[in-house]
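K.L.:
A predicted structure for the sequence below; I have some questions about it.
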Amino acid sequence: MIGLPTDALPYVRGIQLVISGYSGYTKDKRRETDLAVRHEIIRAAGRAQVHLENVHDQSYRDGNVDITRSCKQAMEEIDQFRNELDKAETGHDHPFFSTHKSISKSDLKKLIKHDHDVIEMVTKSVNIANSCEHAHSAGSEKVDVIKFARQCQQMITSCRGFFNARSSILKGMKRT
């Protein structure tokens, strides 16, 4: 749990490693920061999708319907997540994004930690998709490749749910 303002610093630094220019939602850069976070998540999900597409395409050419189907389902989940991210509200209904409002430090820390956790989750899905592609190219058992594709789909589903909880954080922000 985050208690002190400095408790959020590791999360800010973690996000800064991935998103250059991340400012932790400073007052005049809130919309830009929000867009940068969402675009990074979209980009990372796209990397997972590319790994799965490679497996999908090769397994289709090989006539392996089971692997093809598992990859297709995971890719559809990624498509839905990327679409939700692209169309996610940027805060027009939330006072946090207005230049005339400020929020409590604890609410800001919650949002920063949430962003960090979503980026971490989507990065795990990229790693799983990479493992799927590696297993497929190394000639691993069909069940192992399918297992990785399904794990990637499950992780993306978790990312979707967790990201969607972000609107609750935004709505619950208190003005100071």
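P.N.:
Great, that's in hand.
K.L.:
what does stretch 70-89 contact?
P.N.:
38, 41-42, 45-46, 48-49, 52-53, 55-56, 59, 129, 132, 145-146, 149-150, 152-153, 156-157, 159-160, 163-164, 166-167, 170 (C-beta atoms under 8 Å, 6 or more residues apart in numbering). C-beta here means a position set from N, CA and C on the backbone, and glycine is covered the same way.
K.L.:
can we see that at 7 Å?
P.N.:
38, 41-42, 45-46, 48-49, 52-53, 55-56, 59, 146, 149-150, 152-153, 156-157, 159-160, 163, 167 (C-beta atoms under 7 Å, 6 or more residues apart in numbering).
K.L.:
now swap in stretch 37-56 and tell me
P.N.:
18-19, 67-68, 71-72, 74-75, 78, 81-82, 85-86, 88, 115, 118-119, 122-123, 125-126, 129-130, 132-133, 136, 145, 149, 152, 156.
K.L.:
Helices - which of the residues you listed land there?
P.N.:
Judged by DSSP state H, those include 18, 67-68, 71-72, 74-75, 78, 81-82, 85-86, 115, 118-119, 122-123, 125-126, 129-130, 132-133, 136, 145, 149, 152, 156 as members of helices.
K.L.:
Which of those are buried? Put it as a PyMOL command.
P.N.:
Of the ones in helices among the contacts of stretch 37-56, the buried ones go into a single PyMOL selection, burial set by 16 or more other C-beta atoms under 10 Å:
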select buried, resi 18+67+68+71+72+74+75+78+81+82+85+115+118+119+122+123+125+126+129+130+132+133+136+145+149+152+156
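K.L.:
pull the helix or strand with minimum mean pLDDT from this protein.
P.N.:
helix 9-18 (a mean of 62; mean pLDDT, DSSP states H and E).
K.L.:
Tell me which helix or strand comes right after that one.
P.N.:
helix 30-62 (DSSP states H and E).
K.L.:
Tell me how far that following helix lies from the chain's centre.
P.N.:
Relative to its chain's centre, helix 30-62 lies at 9 Å (C-alpha atoms, centre = their mean, to the nearest Å).
K.L.:
same thing with stretch 134-150?
P.N.:
That offset, for stretch 134-150, works out to 23 Å (C-alpha atoms, centre = their mean).
K.L.:
now what about that stretch, what contacts it?
P.N.:
With C-beta under 7 Å, 6+ apart, stretch 134-150 has contacts from 52, 55, 58-59, 64, 66-67, 70-71, 74, 128, 131-132.
K.L.:
rerun at 8 Å
P.N.:
52, 54-55, 58-59, 64, 66-67, 70-71, 73-74, 128-129, 131-132.
K.L.:
In that stretch, which residues are buried?
P.N.:
135-136, 145-150.
K.L.:
pLDDT and distance to K109 for the residues you listed - can I get that in a markdown table?
P.N.:
A markdown table is the format used below for those (pLDDT from 0 to 100; distance: C-beta to C-beta, whole Å):
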| residue | pLDDT | distance to K109 |
| --- | --- | --- |
| A135 | 97 | 39 |
| H136 | 97 | 41 |
| V145 | 97 | 40 |
| I146 | 97 | 40 |
| K147 | 98 | 37 |
| F148 | 98 | 34 |
| A149 | 98 | 36 |
| R150 | 98 | 34 |
